[in-house]
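# Any chance you can model this:
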Amino acid sequence: MTYNRDQTLMHLKNIINTTLKDTPANVYLFGSWARMEEKRTSDIDVALQSQEEIPTIKLVELRERIEESTLPYRVDLVDLSKANPDIVKKVKREGIQWKDCSNESKSQTGL
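Okay, here's the model as predicted:
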């Protein structure tokens, strides 16, 4: 299956929103995909942030759903509670928020 940029991001966003629907977490797209500078070989960088620790079982389930999906790109999930402070700053500076703690999807990606 071939996806264009918007379809790829929408598919990934749907996987994340479905998997984390009951998990109070902020979800950010960052890196080359957020800057609209992605290449065919670029991975998709997604950061997760929550005031409470995201259960390991949820993170495993999310990774499995992404790996089993038809997405043609590698997805790099970053838990900001365990990330280097420089990464956290980068995500906050350039990231696009997809989901906030109230579980409302954001549509800042133009989708």
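# average pLDDT across the helix or strand where Leu48 lies?
Assigned by DSSP states H and E, Leu48 falls within strand 44-49. For strand 44-49, mean pLDDT rounds to 97.
# Surely Tyr28 is in a strand?
Yes: judged by DSSP: H, G, I helix; E, B strand; the rest coil, Tyr28 forms part of a strand.
# Tell me what it is bridged to.
Ala47, Gln97 (DSSP bridges).
# which residues of the chain fall in strands?
Ranges of strands in the chain, per DSSP state E, are 26-30, 44-49, 75-79, 96-99.
# how much does the longest one deviate in direction from strand 26-30?
Read it as strand 44-49. Computed by axes from the mean of the first three to the mean of the last three C-alpha atoms, to 10 degrees, the angle separating strand 44-49 from strand 26-30 equals 150 degrees.
# And stretch 89-103, what's buried?
Buried residues in stretch 89-103, counted by 16 or more other C-beta atoms under 10 Å: Lys90, Val91, Gly95, Ile96, Gln97, Trp98, Lys99. Every residue, glycine included, has its C-beta placed from N, CA and C.
# So for the last one, what's the pLDDT?
It stands for Lys99. Looking at Lys99, the pLDDT reads 77.
# how far away is it from Asn84?
Using C-beta to C-beta, to the nearest Å, we find Lys99 at a distance of 22 Å from Asn84.
# Grab the nearest non-local neighbour of Val46.
Once flanking residues are discounted, Val46 sits nearest to Leu77: 5.4 Å by C-beta to C-beta, 6 or more residues apart in numbering.
# no no, Thr18
Nearest non-adjacent residue to Thr18, counting by C-beta to C-beta, 6+ apart: Arg65, 7.8 Å away.
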